[in-house]
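1. sequence and predicted model, in that order:
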Amino acid sequence: QEDIFYRLHEQLVRKVPMFVTCDTTFFRTLVPKLRPQVLLDGDYAFRVDEYGDTMFFVQTGYVQVGNTDFSVVFATLGPGTYFGEMALFQQKQRIVSARALDDCIMYTLNKKEFDAVVARNPKMYADMERQARSRLSSQLRSNARIEKQQLGKGDAATGQLEKGEIAGEEEVLHSNGLTEPPHSEHEMHDDSDKRKAHAEDAKVSRQLDNLDSHVQELMDHLKCLLDKSKPVFKAESSQSQKTVHLSC
């Protein structure tokens, strides 16, 4: 079962830039430390001012990262993305909130488990922290620009963001910028209807993608179990023609 879990979730971890130079032994040790977490539509992974000690990996669904009331949205993260990695190196208050846009399956890695894996390799830990801080610095600048655009706060945004950790994807996959307001109530109503329809279509599309992903995982899991059972089946069949035991 541990091997199946590793094969199903290895890529969630391998695609994180600060882990790319690590060897297979590292991933074999780290991946089993992941813990599943389900967020329903509207649930929070964390809120502004909460102390963080956990990194998040998104397997299915979408998570929105923003300020306290989400009047500013910094990023929308989808399957295969991650956020909150600085919490593995420093336990500070979060300065952003993260909430599910739909039902999400996520995996978490806490600082205690991470420290246990890297404890014997200080150089590896230092390299990972350096990369995480570099990404943080880039994300702080990006978020400051987004906040300036959406709220017009200018330099004040940069000062606020530099207080602590930021959680977000290196590439901003989606953000809500300022747009020209409609020139009439009729246009505003039409625009609102279009946005609602687009959001509903997108949600249905994500649900279908999630369903396809779950089906594929189940098929892969079944294939793996069947492959593992074949040698046992043959060995026991040769000993007895009357009784056959399958073992996974």
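-> Ah, there it is. Residues are numbered from 1 along each chain as shown.

2. show me what Arg99 bridges to in the sheet.
-> For Arg99, the beta-bridge partners under DSSP bridges are Tyr44, Gln64.

3. give me the distance between it and Ala45.
-> 7 Å (CB to CB, to the nearest Å). In short, each C-beta sits where N, CA and C put it, glycine included.

4. which neighbours do these two have in common?
-> When contacts are counted by CB atoms under 8 Å, 6 or more residues apart in numbering, Arg99 and Ala45 are jointly contacted by Leu39, Val63.

5. so who does the closest residue to Glu2 other than its chain neighbours touch?
-> With sequence-adjacent residues excluded and distances taken as CB to CB, 6 or more residues apart in numbering, Glu2 is closest to Pro32, at 5.9 Å. Pro32 makes contact with Glu2, Phe5, Tyr6 under the criterion CB under 8 Å, 6+ apart.

6. in helices, which of the residues you listed fall?
-> Among the contacts of Pro32, DSSP state H puts Glu2, Phe5, Tyr6 in helices.

7. for ChimeraX, what selects the buried ones among those?
-> Buried subset of the ones in helices among the contacts of Pro32, written as a ChimeraX selection, criterion 16 or more other CB atoms under 10 Å:
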select :6
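
8. just the ones in helices among the contacts of Pro32: which has the poorest pLDDT?
-> pLDDT across the ones in helices among the contacts of Pro32 is lowest for Glu2, at 81.

9. for Cys22, which non-adjacent residue is closest in space?
-> Met124 (7.1 Å).

10. which one of the contacts of Pro32 is nearest Phe70?
-> Nearest to Phe70, judged by CB to CB, of those is Phe5 at 33.8 Å.

11. quick check: the gap between that closest one and Pro36.
-> Taken as CB to CB, the span from Phe5 to Pro36 is 10 Å.

12. try Met106
-> For Met106, the distance to Pro36 - CB to CB - is 7 Å.

13. these two - which one has more neighbours?
-> Taking other CB atoms under 10 Å, Met106 and Pro36 do not tie; Met106 has more neighbours (22 against 11).

14. does that one really touch Leu40, like I thought?
-> No - using CB atoms under 8 Å, Met106 is not in contact with Leu40; the gap is 11.5 Å.

15. assign a three-state SS to Ser71, would you?
-> At Ser71 the chain is in coil, as set by DSSP: H, G, I helix; E, B strand; the rest coil.
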